[in-house]
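**Student:** Just the structure for this:
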Amino acid sequence: MSISLASNFFTLSSHIRTRSKKEKAQPTTAVTQMMAANGDIHYDRAKEVKQFDESKIGVKGLVDSGITTIPRIFIHPTETISDLKSSNPSGSHSIPVISLSGDRSSVVDQIRRASAEFGFFQIINHGISTDVLDRTVAAIRAFNEQPTEVKAQYYRRDIGTGVAFSTNFDLYHSKAASWRDTLQVRLGPTPAEFDKMPEVCRREVMEWDREVVRLGEALMGMMCEGLGLDAGRLKELTCLEGRIMASHYYPYCPQPELTMGLTPHTDPGVLTVVLQNQVGGLQVKHDGAWLDLNPVPGALVINVGDMLQVMSNDEYKSVEHRVAGNPCREARVSIAVFFNPGDRYSLFGPLPELISAEKPAVYKSFTFDEFMTRFFTKELDGKSLINFFKLSH
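**Tutor:** As a prediction, this is how the structure comes out:
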């Protein structure tokens, strides 16, 4: 890590804290947001983003420095954070929780309905032991809670080595940074070399991959059956082969009302399996309202990705979700494995079995490489990616 760059950024943060203390006559959120949006004549957002990124300290480094106000690059515009409160505080319209130990035809039907209506569901009795869940979460937490100089050796924007640690993959494209750090590990089709992975979590990551592949195959089989397809259809299309793990670490945020942990977006791949600890914050959009997805002990979160919505010809829905800034002293840990086609250059589109005169193809065909190139060259936002590939009838 560059000590001088880190020092420069801490100096910048100190300047912000000092200025904040002098501005106690303007304490309201609205005023703070307006100041952040308008800035002053000396505020150079691009420069501050670059300075923060090159410091390699991450959001956890900012928290460890003792900041009490968040740097301006993390403050979101009012329209982004005006509806942070959930619309289901009483638990109405809850995201389905499905036990995989039930009768197969019943489980398939529950998964089909959840995938079509919510795009999200939680699963219990999935066959992965609590010990494995706890070990995986503990290992990812341990990586993030190492000294900054240890983590800095993995801090990069390119995942060419198969391992990359950073704050926000869209840091340079987004309107505002989000309050989280992420460790990405490529699991397939060409996994990262074992000794290139962080020592503190490499064995747990590989163990988790083995468990998730088994589970992913079972889930894809049932989701195919729910569409009237052969259980192995998605596997034939290499949808189990391309896997990326993105483990998110959301430390305590001193001003959670001004920022986001993860901005609203849909996942671009086929299917996402998420292991989270018991610190909440994940919200799912349903019928225009944001619903809390409250952690269930021992459960895993499953969500439909854009590619599956395309291949199902809109039978299954990839829906927007987001994570609020973490107000808890305990960090939120969320470990997502994204299942993508291993074949990046064949054409994908609505499956022929799901196209008819009554329901023509909703999307044009494209390569997964084209799809992901577009994903990584824009800000993480809403459903703009999938909408780009829609056909006009």
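**Student:** what's the distance between the closest residue to residue 64 other than its chain neighbours and residue 161?
**Tutor:** Take residue 64 and drop its neighbours on the chain: the residue closest to it by Cβ to Cβ, 6 or more residues apart in numbering is residue 148, 7.4 Å away. Placement of C-beta: from N, CA and C, glycine included. As for residue 148, its distance to residue 161 is 20 Å (criterion: Cβ to Cβ, to the nearest Å).
**Student:** Who are the contact partners of residue 275?
**Tutor:** For residue 275, the contacting residues are 133, 136-137, 208, 300-301, 334-335, by Cβ atoms under 8 Å, 6 or more residues apart in numbering.
**Student:** Give the closest residue to residue 145 in space, chain neighbours not counted.
**Tutor:** Going by Cβ to Cβ, 6+ apart, residue 145 has residue 60 as its nearest residue, at 7.4 Å.
**Student:** With residue 325 instead?
**Tutor:** Nearest non-adjacent residue to residue 325 (Cβ to Cβ, 6+ apart): residue 256, at 3.2 Å.
**Student:** Tell me which other helices or strands the one helix or strand residue 337 maps to touches.
**Tutor:** Per DSSP states H and E, residue 337 falls inside strand 332-340. Helices and strands touching strand 332-340, by 3 or more Cβ pairs under 8 Å, 6 or more residues apart in numbering; DSSP states H and E, are helix 130-144, helix 202-226, strand 242-250, strand 271-276.
**Student:** Out of those, which is closest to residue 353?
**Tutor:** helix 202-226 (10.0 Å; Cβ to Cβ).
**Student:** Would you tell me what the next helix or strand after the closest one is?
**Tutor:** Note on helix 202-226: by DSSP H and E, the next helix or strand toward the C-terminus is helix 233-236.
**Student:** What residues sit buried inside that following helix?
**Tutor:** Judged by neighbour count (16 or more other Cβ atoms under 10 Å), helix 233-236 contains these buried residues: 233-235.
**Student:** Mind listing residues that contact it?
**Tutor:** Under Cβ under 8 Å, 6+ apart, the answer for helix 233-236 is 217, 220-221, 223-224, 240, 270, 308, 311, 351.
**Student:** I'd guessed residue 52 sits against residue 73; true?
**Tutor:** Yes. Contact status for residue 52 versus residue 73: in contact at 6.3 Å, counting by Cβ atoms under 8 Å.
**Student:** can you list residues touching both of these two?
**Tutor:** residue 177.
**Student:** Would you enumerate the residues in contact with residue 305?
**Tutor:** 266-272, 318, 338-340.
**Student:** Show me what residue 286 bridges to in the sheet.
**Tutor:** Taking DSSP bridges as the rule, residue 286 bridges to residue 289.
**Student:** Next, count neighbours for the closest residue to residue 351 other than its chain neighbours.
**Tutor:** Leaving aside its chain neighbours, residue 351 sits nearest to residue 311 (5.3 Å; criterion: Cβ to Cβ, 6+ apart). The number of residues packed near residue 311 is 25, by other Cβ atoms under 10 Å.
**Student:** Isn't residue 311 up against residue 349?
**Tutor:** Yes. In terms of Cβ under 8 Å, residue 311 counts as a neighbour of residue 349; the distance is 7.4 Å.
**Student:** still on that earlier bit, please indicate which of the contacts of residue 275 has the highest neighbour count?
**Tutor:** In terms of neighbour count, residue 208 stands highest of those at 27 neighbours, by other Cβ under 10 Å.
**Student:** ok, which stretches of the chain are strands?
**Tutor:** Under the criterion DSSP state E, the chain contains strands at 97-99, 120-124, 163-166, 181-188, 242-250, 260-265, 271-276, 282-286, 289-292, 300-304, 321-324, 332-340, 347-348, 366-367.
**Student:** In a markdown table: those, plus distance to residue 385 and mean pLDDT.
**Tutor:** Formatted as a markdown table, the strands of the chain follow (distance: least, Cβ to Cβ, whole Å; pLDDT from 0 to 100):
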| stretch | distance to residue 385 | mean pLDDT |
| --- | --- | --- |
| strand 97-99 | 27 | 98 |
| strand 120-124 | 18 | 98 |
| strand 163-166 | 21 | 98 |
| strand 181-188 | 19 | 98 |
| strand 242-250 | 16 | 98 |
| strand 260-265 | 9 | 95 |
| strand 271-276 | 15 | 98 |
| strand 282-286 | 16 | 97 |
| strand 289-292 | 20 | 95 |
| strand 300-304 | 14 | 98 |
| strand 321-324 | 14 | 97 |
| strand 332-340 | 13 | 98 |
| strand 347-348 | 14 | 95 |
| strand 366-367 | 11 | 94 |
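**Student:** mind checking which of those is nearest residue 107?
**Tutor:** Here strand 97-99 is closest among those (Cβ to Cβ), at 6.5 Å.
**Student:** Quick one: residues in contact with that closest one.
**Tutor:** With Cβ under 8 Å, 6+ apart as the criterion, strand 97-99 contacts 107, 110-111, 114, 121-125, 296, 299.
**Student:** Adding neighbour count as columns, could you present the residues you listed in a markdown table?
**Tutor:** Shown next, in a markdown table, are those (neighbours: other Cβ atoms under 10 Å):
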| residue | neighbour count |
| --- | --- |
| 107 | 20 |
| 110 | 20 |
| 111 | 22 |
| 114 | 25 |
| 121 | 23 |
| 122 | 23 |
| 123 | 26 |
| 124 | 14 |
| 125 | 13 |
| 296 | 15 |
| 299 | 22 |
